[in-house]
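Novice: The following comprises the amino acid sequence and a computationally predicted model.
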Amino acid sequence: MSAPHWLYENFDPSGSAIGYRVSAKLDEVQSPFQKIEIYESTDWGNVMLIDGAMMVTARDNFLYHEMMTHPALFTHADPKQVVIIGGGDCGTLREVLRHPGVAKAVQCDIDEQVTRMAEKYFPELCESNGDPRAEILFDDGIAYMANCAPGSLDVVIVDSTDPIGPAEGLFNKSFFESCFRALKDDGILVQQSESPLVLLELIQAMRAEMGKAGFDSFQTLPFPQPCYPSGWWSCTLARKGGRGFGFREDDARAKAFATKYYSVDIHKAAQVLPPFVAEALG
């Protein structure tokens, strides 16, 4: 492209769109599962799209990756065994491995091309890929969780795309039953749960499916995410056995790594839902 122009993702469910001014198309690949595109933007760094949907920008991905990991890991008493389903851009893996107590983190994404594109165009997200505690698999995450040994995991993070295409099977009772079985009694499941502003019914449905699978404690944490529909996103935590969601505040405050968004106060603030969300989720 010879001059900057605007790249848009139209999002029909909310009747809105997201746009970025881009100066070059850097790459495109059609994998067996989806089309992945990389653009250079004028203000947001590199941008990744999957099947036309905005996935990652260099400027704002830290919001998502930090909130998908640190609240769950600081809520668990001692997370050592972590599995990430999806997460092919490797940003969630990087944040998980900032926790020195984690002994092993497995990332299982069905599409190797997402990771290869991230390595090339978002190398900062992949800086922990060589960590000896990391295991990166390119496989079906649904089958992986179904085959996990019962009671073997502390935290499962479902870092998926929207519930269509390859990710459709990650939002139902059958998949959540696999997660429930694989988690220890104090285990935590955390899943990206879309926008509480325009997709609140999806969050309700997802929590209902988690409940059918055996989970009985839930917490949805909203956070800003400019590159996703409405600019307001969320993750949802689920636990076994009626355990609450108090977190290790002292450990979070004394963490030995820097974060750009997550903090003790942000964690506490995210636990306070706006009235319309709290009422809808019960």
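Specialist: That came through fine.
Novice: just the helices in the stretch 1-150 of the chain please.
Specialist: 61-75, 91-96, 112-121, 141-146 (DSSP state H, counting those that start in this stretch).
Novice: surely residue 89 meets residue 56?
Specialist: Yes. Counting by Cβ atoms under 8 Å, residue 89 does reach residue 56; the two are 5.3 Å apart. All C-beta spots, glycine's among them, are computed from the backbone N, C-alpha and C.
Novice: mind listing what the nearest residue to residue 149 once chain neighbours are set aside touches?
Specialist: Spatial nearest neighbour of residue 149, excluding adjacent residues (Cβ to Cβ, 6 or more residues apart in numbering): residue 182 at 7.1 Å. With contact taken as Cβ atoms under 8 Å, 6 or more residues apart in numbering, residue 182 is in contact with 83, 145, 148, 149, 150, 151, 152, 153, 156.
Novice: was I right about the fifth one contacting residue 179?
Specialist: No. In this structure, residue 150 is not within contact of residue 179 by Cβ under 8 Å, at 11.3 Å.
Novice: wait, isn't residue 98 in contact with residue 257?
Specialist: Yes. Counting by Cβ under 8 Å, residue 257 is a contact partner of residue 98 at 4.3 Å.
Novice: Between the two, which is the more surrounded one?
Specialist: residue 98 (17 against 10; other Cβ atoms under 10 Å).
Novice: Distance of residue 56 relative to residue 63?
Specialist: Per Cβ to Cβ, to the nearest Å, residue 56 is found 11 Å from residue 63.
Novice: Neighbour count for the two, which is higher?
Specialist: Using other Cβ under 10 Å as the criterion, residue 56 and residue 63 rank with residue 56 on top: 26 against 19.
Novice: ok now stretch 123-142, how far from the chain's centre?
Specialist: How far stretch 123-142 lies from its chain's middle: 14 Å, per Cα atoms, centre = their mean, to the nearest Å.
Novice: So for that stretch, what gets flagged as buried?
Specialist: Across stretch 123-142, burial judged by 16 or more other Cβ atoms under 10 Å covers 125, 126, 128, 129, 133, 134, 136, 140, 141, 142.
Novice: Burial check on the closest residue to residue 113 other than its chain neighbours, number of neighbours?
Specialist: Spatial nearest neighbour of residue 113, excluding adjacent residues (Cβ to Cβ, 6+ apart): residue 31 at 4.0 Å. Close neighbours of residue 31, defined as other Cβ under 10 Å, add up to 16.
Novice: Please enumerate the strands of the stretch 51-200 of the chain.
Specialist: Under the criterion DSSP state E, counting those that start in this stretch, the stretch 51-200 of the chain contains strands at 53-57, 81-86, 104-109, 134-138, 153-159, 183-192.
Novice: hmm, back to that, could you save the contacts of residue 182 as JSON lines and add columns showing distance to residue 236?
Specialist: What follows is the contacts of residue 182, written out as JSON lines (distance: Cβ to Cβ, whole Å):
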{"residue": "83", "distance to residue 236": "17"}
{"residue": "145", "distance to residue 236": "17"}
{"residue": "148", "distance to residue 236": "20"}
{"residue": "149", "distance to residue 236": "25"}
{"residue": "150", "distance to residue 236": "23"}
{"residue": "151", "distance to residue 236": "22"}
{"residue": "152", "distance to residue 236": "22"}
{"residue": "153", "distance to residue 236": "17"}
{"residue": "156", "distance to residue 236": "12"}
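Novice: Out of those residues, which end up buried?
Specialist: Among those, the ones that count as buried by 16+ other Cβ under 10 Å are 83, 145, 148, 153, 156.
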